[in-house]
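# Got a sequence here, can you build the structure:
(chains A and B)
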Amino acid sequence: MRRERQKRVLWMVGVVTVLIGVSGCETLGPQGPEEVDAKAAEVLTGMSETIGGREAMTFRATRVTDRELADFLNVPTSSRAEVMVSAPNRFRAKISDPATVQSAFFDGSTLTLYHHGEKLYASERVARRSTSGALDVIERRYGFMPPLADFVVLNPYENLTRYMTTVTYEGEEWMGGVRCDHVSATGEEVDWDIWVGVKDRLPRRYTVTAKEMESRPQWRTDFKGFDFGAGFPEEHFTFVPPEGAHAIPMIRKGDDTEDVMRKARELLEE
Amino acid sequence: MKKSTVGVLVLVFVLLMFVPPTAPPEAEASRITARYGAPKATLRRGYLTILRRDAKILQIDGQRYYLQDGVLFQPAYHNGRLVYVPVGRL
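Residues are numbered from 1 along each chain as shown, chains lettered A, B, ... in the order given. Now for the predicted structure:
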């Protein structure tokens, strides 16, 4: 009788464990899309192999953000970026909009954000072997992702589709005078579309739609000037504070605002 | 302990090893938001993204502060953007 009860309890433990495992699988972070059609996968793989893991890559991008979205996110409606990448773990970007110019430097160990107009910079150590690893830490620790980050990693395909549920090939279309393959993706919060050159496999336009907002506003990023020529000297990615620049803190995700204020007050009272 | 009991315990242990870490939905949502830009609403209480041109610059122990309308602000990067954190009223 006792043995029977023991057995029953143990089986229940087993069943509960299996159920925990199954429910855990469902709540695990995004593992990539559920559906990707073959042609879309081919296009994205081609693009990934063309721009991912390059020893030297530069490109320019212009971004236009619909007014409603720009107001909501408190970002300018237009900006442009010059990006330099050196695989596996270095990048540098200069982002300009009508009001400000900012730069981001990552030399494989330190991330620096620099505001040219105010001459203020924040540097944080984020040593990682790959750009993707560093970006994950930045996202987790500081709660943001540098613009165009999905295009400077070793595997852009993986990064772009990480939070999406379906990825579909839409057909061939002309974009900026170039014949492109159009791929679209749907996710829970946003959808995106990308146009990739049929011949050179370079991204031409990337559009993100915020579908949770009623007017479905968009960001549109146009790429140009891809260059995979000469490499960069290592120091190219290391920030050297210009004369008169001041260091400021970078606030971590979850940092207590009161704590930041208290530290500053203590400094002032000393 | 009986063989069957040991077997079930081993099975439970093995299954537990495969239980993946769970991510709360709000954490994933915030990751997605971070990827595409943090909404203005997430700017913490009192943070400013811009100061007036006439804000006075103060240098205290090598740190830079700004004084505007009697409120002292410390510049900092938050969510990848330059913000001004109010630290007190003078």
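
# The chain: strands as residue ranges?
Reading this off chain A. Applying DSSP state E to chain A gives strands spanning A:35-36, A:57-65, A:78-86, A:90-96, A:101-106, A:110-115, A:120-125, A:164-175, A:178-187, A:190-197, A:203-210, A:218-227, A:246-247.

# wait, I meant chain B there
Under DSSP E, chain B gives strands at B:56-60, B:63-68, B:71-78, B:81-89.

# want to try TSV for those, with distance to chain A as columns?
All C-beta atoms are positioned from the backbone trio N, CA, C, and that covers glycine. Below are the strands of chain B laid out as TSV (distance: least, C-beta to the nearest C-beta, whole Å):
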stretch	distance to chain A
strand B:56-60	6
strand B:63-68	5
strand B:71-78	4
strand B:81-89	4
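
# out of these, deepest packed?
strand B:71-78 (a mean of 23; mean count of other C-beta atoms under 10 Å in any protein chain shown).

# Give me the helices and strands touching that one, please.
strand A:120-125, helix A:257-269, strand B:63-68, strand B:81-89 (3 or more C-beta pairs under 8 Å, 6 or more residues apart in numbering or on different chains; DSSP states H and E).

# Now do that strand: everything it contacts.
A:113, A:118, A:120, A:122, A:142, A:248-251, A:260, A:264, A:268, B:43-44, B:47-48, B:51, B:55, B:58, B:63-67, B:82-90 (C-beta atoms under 8 Å, 6 or more residues apart in numbering or on different chains).

# can you tell me which residues contact residue A:175?
Per C-beta under 8 Å, 6+ apart, neighbours of residue A:175: A:195, A:204-205.

# Looking at those residues, state which has the most neighbours.
Neighbour counts for those, by other C-beta atoms under 10 Å in any protein chain shown, peak at residue A:195, which reaches 26 neighbours.

# show me what contacts it?
A:173, A:175, A:180-182, A:203-206.

# Next, format these as CSV and append pLDDT.
Compiled in CSV, those are given as follows (pLDDT from 0 to 100):
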residue, pLDDT
A:173, 97
A:175, 93
A:180, 98
A:181, 98
A:182, 98
A:203, 97
A:204, 97
A:205, 97
A:206, 95
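
# between those, which is closest to residue A:137?
Checking the contacts of residue A:195 against residue A:137 by C-beta to C-beta gives residue A:206 as the nearest, at 23.8 Å.

# got the contact list for that closest one?
A:151, A:192-195, A:220-221, A:223.

# Count the residues that sit near the closest residue to residue B:82 other than its chain neighbours.
Among residues not flanking residue B:82 along the chain, residue A:115 sits closest, at 4.8 Å (C-beta to C-beta, 6 or more residues apart in numbering or on different chains). By other C-beta under 10 Å, the residues close to residue A:115 number 20.

# so what's residue A:115 scoring on pLDDT?
Per-residue confidence for residue A:115 comes out at a pLDDT of 95.

# Specify the beta-bridge partners of it.
When bridges are called by DSSP bridges, residue A:115 pairs up with residue A:102, residue A:120.
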